[in-house]
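K.L.:
need coordinates for the below:
(chains A and B, ligands or ions: 1)
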Amino acid sequence: MEKVYITGIGQVAVGEHWDQSLAALSSKAIRAALKDAGDPQPEIVYIGNFLASSISHQANLGALVCDAAGLHGLEGTTVEAGEASGAAALHMGYLAITSNMADCVVVVGLEKMTDMVGDEIEAFAAQSGDTDFEGMQGLTPNGMAGLLMQRYLDQYHAPCESFASFPITAHANGVNNPFAMYRKNVDLDSYGKAPMVSVPLSLYDVPTFADGAAALVLVNRKLLRDGQKAVLISASEIATDTLAVHDRADPLAFDAVHISTTKALEKAKLTRDCLDLFECWDTPSIYGMLSLEAGGFAERGRGWQFATLDNLALTGRLPVATLGGIKAHGFAPGAAGAYQVLDAVQQLRGEAGRNQIASAQVAMTQAISGAAASVITHILRKM
Amino acid sequence: MEIPRHWRLQKQRLALVGEVCPHCQAKIFPARDVCPECGGEAKTAFKFSGKGEVYSFTTLHSVPAGFEENAPYTVALVKLDEGPIITAQLTDVGEREVKIGTPVEMVTRRIRQDGDERGMLIYGYKFRPVLRMS
Ligand SMILES: [Zn+2]
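P.N.:
Sure thing, here's the model as predicted:
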């Protein structure tokens, strides 16, 4: 099996890019990533996208993106796994290189949320859940997170403030990231006063939709040049659960997180304490919490005791959201899984600036779609 | 217009008809023709009693298109007496306090309007707190 290296990254800052199309966003990110990689010749482009067909009424992104990025004639297709689409596209790129189908692949996570305004956006976002039996009852992704958080608080007698560690950490780390949408600190006081979105979930517990594009260049050993800053992909694992949460024996278990994390660690031949950072799905904050438990970082029902500001900080036991996470980056759904990997790559290259984790060697990233119906985990190593 | 889709789901939505597994007697909702408990084929129709209790709940203030007329509303995970959990809106709550464990029962209500004022009206199950006889 060929080894897979990330040699280039490129991104546009997540934000409300009213004046930029799907094509423009993707081409900027891809060109930046190719330049960063030393301009190799890619053979395939995988595009992670969730909502272009609904929001922009645009399908066939393979052709759109290759054309826009000046990659005429290349193989290009969309990979969809709800909000985890960016990570799913990376998985496909990983497969193409490990299977020796290609020497160089470009992966781009892409989402354009601002082509439409209003409550139709909420309905489209709900498509990552079960449309017939969840969406049709008026449930949205934030509503689903509210249901799980309510149950968690009741079942484990956890205080609401325990969830604040996720947004406070993400915002603190976003301050120094020029690509983050929010670059302001949040404290426990403002967390407690935030307006409710889906009781008991407040504004700081949920992501903010925006546009974004984040690209990666993958190569095999043959194309790796001496002295090139490269990051090895040690594992890429997708796991699924029931699409509807009500079909699960234990809705708080997040089985797909458990399966995907365990398999990834086994493939990489690593244990949890080898990880220098974990770009977890930090928002909704209840998903961050359940991921720590299902991933084996905290005991069931004890995540709220583990998820302290100290433990999650850059110098803590398990740093998360090290460049702002999804919360401070802003949430471009189909791109979020790719941004997570870009952040981890910057840490492993030693390019995270003031947020640099000292001698970071191994990072895990984890993208979640729906209520952890699909979970995609990557493990990355410094070369 | 999504008429075929709503027609397909009608029995489940209006009469809470799921399935019972002939092998292990597990009750299944929504119907899936394969038993999630034993993996056997399960196509025998089963009508649920519509009684259950709140497993969790949340109130949504920002709602999707088609649901505006009832906003804000409460959605619950309801654990049916026969076993399965389903997702449904709560209705007729009034001044009563909803908690995890509150007993609820099914009623039929308008769930959604498809499209504009001339759009299709969709009816289906919601749950209300059980009225206690004093
Ligand atoms: Zn059975």
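K.L.:
hang on, A:I259 packs against A:A239?
P.N.:
Yes - look at A:I259 against A:A239 with C-beta atoms under 8 Å: they come within range, at 3.8 Å. No exception for glycine: its C-beta is placed from N, CA and C like everyone else's.
K.L.:
any residues in contact with both of the two?
P.N.:
A:V375 (C-beta atoms under 8 Å, 6 or more residues apart in numbering or on different chains).
K.L.:
domains for chain A, by residue range?
P.N.:
Here the domain parsing of chain A from automatic domain parsing is A:5-118+A:211-223, A:125-205+A:234-382.
K.L.:
got those domains as CSV, with distance to B:L77, mean neighbour count and mean pLDDT columns?
P.N.:
Output for the domains of chain A, formatted as CSV (distance: least, C-beta to C-beta, whole Å; neighbours: other C-beta atoms under 10 Å in any protein chain shown; pLDDT from 0 to 100):
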stretch, distance to B:L77, mean neighbour count, mean pLDDT
domain A:5-118+A:211-223, 20, 22, 97
domain A:125-205+A:234-382, 6, 22, 97
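K.L.:
for chain B, which of those is the nearest?
P.N.:
domain A:125-205+A:234-382 (3.2 Å; C-beta to the nearest C-beta).
K.L.:
continuing past the helix or strand that contains A:Q340, what's the next helix or strand?
P.N.:
According to DSSP states H and E, A:Q340 maps onto helix A:333-349. Using DSSP H and E, the helix or strand that follows helix A:333-349 in sequence is strand A:362-369.
K.L.:
packing partners of that following strand?
P.N.:
helix A:85-98, helix A:255-268, strand A:277-279, helix A:285-294, helix A:333-349, strand A:374-382 (3 or more C-beta pairs under 8 Å, 6 or more residues apart in numbering or on different chains; DSSP states H and E).
K.L.:
and the shortest one, what does it pack onto?
P.N.:
Which is strand A:277-279. Packing partners of strand A:277-279 (3+ C-beta pairs under 8 Å, 6+ apart): helix A:333-349, strand A:362-369.
K.L.:
cool, and the fourth one?
P.N.:
Judged by 3+ C-beta pairs under 8 Å, 6+ apart, helix A:285-294 is in contact with helix A:141-156, helix A:165-174, helix A:255-268, helix A:303-306, strand A:362-369.
K.L.:
re the thing from before, distance to A:I97 added to the helices and strands packed on strand A:277-279, as JSON lines?
P.N.:
Conversion of the helices and strands packed on strand A:277-279 to JSON lines gives the following (distance: least, C-beta to C-beta, whole Å):
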{"stretch": "helix A:333-349", "distance to A:I97": "15"}
{"stretch": "strand A:362-369", "distance to A:I97": "18"}
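K.L.:
how near is the closest residue to the ion within the stretch 51-200 of chain A to A:L314?
P.N.:
Of all residues in the stretch 51-200 of chain A, A:F133 sits closest to the ion, at 20.1 Å by C-beta to the ion. A:F133 is 42 Å from A:L314, where distance means C-beta to C-beta, to the nearest Å.
K.L.:
which SSE is immediately downstream of the longest strand along chain B?
P.N.:
Scanning chain B for the strand with the most residues, using DSSP state E, yields strand B:103-114. Of the helices and strands lying after strand B:103-114 in sequence (DSSP H and E), the nearest is strand B:120-129.
K.L.:
between that next one and strand B:103-114, how big is the angle?
P.N.:
Angle, strand B:120-129 to strand B:103-114, by axes from the mean of the first three to the mean of the last three C-alpha atoms, to 10 degrees: 160 degrees.
K.L.:
tell me what A:R381 is bridged to.
P.N.:
Note on A:R381: beta-bridge partners A:L232, A:V362, judged by DSSP bridges.
K.L.:
got a list of what the closest residue to A:E293 other than its chain neighbours touches?
P.N.:
With sequence-adjacent residues excluded and distances taken as C-beta to C-beta, 6 or more residues apart in numbering or on different chains, A:E293 is closest to A:G303, at 4.4 Å. Taking C-beta under 8 Å, 6+ apart, we find A:G303 in contact with A:289-290, A:292-293.
K.L.:
by proximity to chain A, which residue of chain B wins?
P.N.:
For chain B, C-beta to the nearest C-beta, closest residue to chain A: B:T58, 3.2 Å.
K.L.:
pretty sure that residue sits in a strand.
P.N.:
Yes - the assignment for B:T58 by DSSP: H, G, I helix; E, B strand; the rest coil puts it in a strand.
K.L.:
what about it, how many neighbours?
P.N.:
Residues near B:T58, counting by other C-beta atoms under 10 Å in any protein chain shown, number 27.
K.L.:
before we move on, the earlier item: distance to B:I100 added to the helices and strands packed on helix A:285-294, as a markdown table?
P.N.:
A markdown table is the format used below for the helices and strands packed on helix A:285-294 (distance: least, C-beta to C-beta, whole Å):
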| stretch | distance to B:I100 |
| --- | --- |
| helix A:141-156 | 5 |
| helix A:165-174 | 23 |
| helix A:255-268 | 22 |
| helix A:303-306 | 17 |
| strand A:362-369 | 24 |
